[in-house]
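K.L.:
Prediction below, plus the sequence it came from.
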Amino acid sequence: QVHLVESGGGLVQAGGSLRLSCAASGRTFSSYAMAWFRQTPRKERKFVAAISQSGGRTSYADSVKGRFTISRDNAKNTVYLQMNSLKPEDTAVYYCAATVTYGITWPGYDYWGQGTQVTVSS
């Protein structure tokens with residue numbers, strides 16, 4: 001069982017940056033691949049970025065490549081999402097998720113945080 005808590009969301013102007021954090025409970029954090037997804041009203045949850053258990057493998061949605069960076073600190077049981085050059089279309093609720101099998105589709109993830117709102121103004 002993994003309990004996830006996101007933080008770091010907020011309101012930022014276009015072109016600005018935010019760093020999201022996701023703190024995980026439990027002693028087996030390093031056993032889980034982690035990912036960030038985002039969701040806007042009336043739209044399905046979409047993949048943003050994923051990172052493998054060791055951090056050696058990462059994946060990104062085309063829409064965020066070159067702007068967002070996912071990382072993790074297994075000693076701190078935390079995964080991060082550094083978001084630079086933010087655009088209004090990045091506005092969404094951002095969720096972190098955990099799975100034992102690396103992937104980029106949300107049905108494959110077993111544990112979810114409550115989400116954190118990111119709003120980018122133009």
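P.N.:
Ah, there it is.
K.L.:
Check what pLDDT Phe37 gets.
P.N.:
Looking at Phe37, its pLDDT stands at 98.
K.L.:
what's the nearest residue to Cys96 if we skip its chain neighbours?
P.N.:
Cys22 (3.4 Å; C-beta to C-beta, 6 or more residues apart in numbering). Placement of C-beta: from N, CA and C, glycine included.
K.L.:
Check Thr101 too.
P.N.:
Gly108 (6.3 Å).
K.L.:
Equivalent analysis for Asn74, please.
P.N.:
Per C-beta to C-beta, 6+ apart, closest to Asn74 is Ser30, 4.3 Å.
K.L.:
give me phi/psi at that neighbour?
P.N.:
phi -70, psi -10 (degrees, to the nearest 10).
K.L.:
Tell me the secondary structure of the residue most central in space within the chain, please.
P.N.:
Nearest residue to the geometric centre of the chain (C-alpha atoms, centre = their mean): Trp36, 2.4 Å. Following DSSP: H, G, I helix; E, B strand; the rest coil, the label given to Trp36 is strand.
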